[in-house]
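Student: okay, sequence plus prediction incoming.
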Amino acid sequence: MINYFKYHEFDSPLQQGSGQLMDKGFLYALNQARHIAGIPFEITSGFRIEADIERLEKQGYKVSKNSSHLKGLAADIACESGSDRLKIVSALIEAGFTRIGIANTFIHCDTDSDKPNSIWTY
């Protein structure tokens, strides 16, 4: 059961309804992490289409051509404070996430089994 999120929160800004393409196992795990953290998760990026990669690159972002977002296996969660960062990362780990990226303003998480387990910074 996914009770903390709505599919539209994961939509690509370039394709309405694309949040429906998110992997259901990923969403279940993210829902569990949200429950454990006890704080809201604001999704800043969910499902991406190829045009999103081009758009983000034009904005100056370094984006993987093999992004797990393209598979519906990743999301970025807004995060600005150290205390929320600790709650979110701890909850993601407890929920079973083994791929986590930490930036100044967001936390990336994915369940892409085609990639090695890792925690990294941006």
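Tutor: Right, received. Where do you want to start? Given the structure is predicted, the values throughout are model-derived calculations rather than measurements.

Student: the helix or strand bottoming out on mean pLDDT in the chain - contacts with which helices or strands?
Tutor: One helix or strand of the chain scores below all others by mean pLDDT, DSSP states H and E: helix 50-58, with a mean of 88. Helices and strands touching helix 50-58, as assessed by 3 or more C-beta pairs under 8 Å, 6 or more residues apart in numbering; DSSP states H and E, are absent. Any C-beta I mention is one placed from the backbone N, CA and C, and that applies to glycine too.

Student: ramachandran coordinates for His8?
Tutor: phi -60, psi -20 (degrees, to the nearest 10).

Student: picking up where we left off before, residues contacting the least confident helix or strand of the chain, please?
Tutor: With C-beta atoms under 8 Å, 6 or more residues apart in numbering as the test, helix 50-58 has contacts from Ser12, Pro13, Leu14, Val63, Lys65, Ser67, His69, Leu70.

Student: show me just the buried residues among those.
Tutor: Buried by 16 or more other C-beta atoms under 10 Å: Ser12, Ser67, His69, Leu70, out of the contacts of helix 50-58.

Student: that older thread, now do the buried residues in the least confident helix or strand of the chain.
Tutor: Buried residues in helix 50-58, counted by 16+ other C-beta under 10 Å: Asp52, Ile53, Arg55, Leu56.

Student: in contact with Gln32, which residues?
Tutor: By C-beta under 8 Å, 6+ apart, Gln32 lies in contact with Ala95, Gly96.

Student: Ala103 versus that one, what's the distance?
Tutor: Look at Gln32 and Ala103: by C-beta to C-beta, to the nearest Å, they are 22 Å apart.

Student: same check on Lys24?
Tutor: Distance of Lys24 to Ala103, given as C-beta to C-beta: 26 Å.

Student: those two - which one has more neighbours?
Tutor: With neighbours defined as other C-beta atoms under 10 Å, Lys24 and Ala103 compare such that Ala103 has more, 13 against 9.

Student: wait, the more buried one sits on Thr121?
Tutor: Yes: counting by C-beta atoms under 8 Å, Thr121 is a contact partner of Ala103 at 7.1 Å.

Student: between the buried residues of helix 50-58, which is nearest Arg85?
Tutor: Proximity of the buried residues of helix 50-58 to Arg85 was ranked by C-beta to C-beta; the top entry is Leu56 with 22.4 Å.
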